[in-house]
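> I'd like to go over a predicted model; first the sequence, then the structure.
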Amino acid sequence: MSTTIDTGLRPFEEVNAEVRRAIDAGESEIVLTDVNGQRYIASALPRDTRITIHGVPGNDLGCYMAGGTIEVLDNAQDQIANTMNEGLIVVHGHCGDAAGYAMRGGSLYVRDDVGWRCGIHMKEYGHDARPMIVIGGNAGSFLGEYMAGGVILLMGSPDNYLASGMHGGVMYLHGGIDDALVSPTLLQEECDAADLATIADLTARYNRFFGTDKPVRGELYTKLRPRSSRPYSGMYTTAD
């Protein structure tokens, strides 16, 4: 079953209430048209539900997602996939700041650029809950800030303060970065066989979602990871 909801300039509370009614009624496919910055769309979206968005959704798209798929056929604003647990978000354009904030699972694919602090506080629980962010363009400052788990694949270039406070997870950087720009708490190294397989899989999915032909060769990437799970332990004192 599917339904179409025209959003226009309607308040976000009204739009989200209608989306929730459609889900509760058993609709598995929902199309939102003329979206104009409405916030919290598809909050806590359950499994087996697909939402297609025409227009630009507002902040916190897909926050606390528990499954399902969101496809945005335009740009998106800030904090998409905030504390996402499961599911898939695909953005056919750019997105704003703090995308993937505190993600705990699921996947986010952005065709173009992301703003500041993408992937901040990402975390994972084993391999059953390992969030993935794939960025086809460039990333703003503080990419992967305080990252505690998960995977970020960046096809473009990072900005300043890359992976500040990173203490878990892994980041794949196209072409790598100058070693002088790598924090002493991090390691930049060649990808191993498992990394190459992950990169190939994520890139193939990206190409399928966006109809592109990005090379799937993991040899084009370097891996950035923390040297320790407690990179700042030396900054604190303990009682004798």
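Thanks, I have the structure now.

> please make it C-alpha for all contacts and neighbour counts, starting now.
OK.

> what's around the closest residue to Gly168 other than its chain neighbours, how many residues?
Nearest residue to Gly168, sequence neighbours excluded (Cα to Cα, 6 or more residues apart in numbering): Ala148, at 3.9 Å. Using other Cα atoms under 10 Å as the criterion, Ala148 is surrounded by 23 other residues.

> how close does Ala148 get to Glu86?
17 Å (Cα to Cα, to the nearest Å).

> repeat that for Glu124.
11 Å.

> neighbour-wise, which of these two wins?
Higher neighbour count among Glu124 and Glu86: Glu86, with 25 against 22, using other Cα under 10 Å.

> list the contacts of that one.
65-68, 104-107, 129 (Cα atoms under 8 Å, 6 or more residues apart in numbering).

> OK, contacts around Cys63?
Counting by Cα under 8 Å, 6+ apart, Cys63 touches 40, 42-44, 80-84.

> tell me the backbone dihedrals of it, please.
Main-chain torsions, Cys63, degrees, to the nearest 10: phi -60, psi 140.

> list the helices and strands the helix or strand containing Gly150 packs on?
Assigned by DSSP states H and E, Gly150 falls within strand 148-154. Contact analysis of strand 148-154 by 3 or more Cα pairs under 8 Å, 6 or more residues apart in numbering; DSSP states H and E lists strand 132-135, strand 168-174 as its packing neighbours.

> switch these over to JSON lines; also include mean pLDDT and distance to Ile23.
Shown next, in JSON lines, are the helices and strands packed on strand 148-154 (pLDDT from 0 to 100; distance: least, Cα to Cα, whole Å):
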{"stretch": "strand 132-135", "mean pLDDT": "98", "distance to Ile23": "26"}
{"stretch": "strand 168-174", "mean pLDDT": "97", "distance to Ile23": "34"}
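
> most tightly surrounded among those?
strand 132-135 (a mean of 24; mean count of other Cα atoms under 10 Å).
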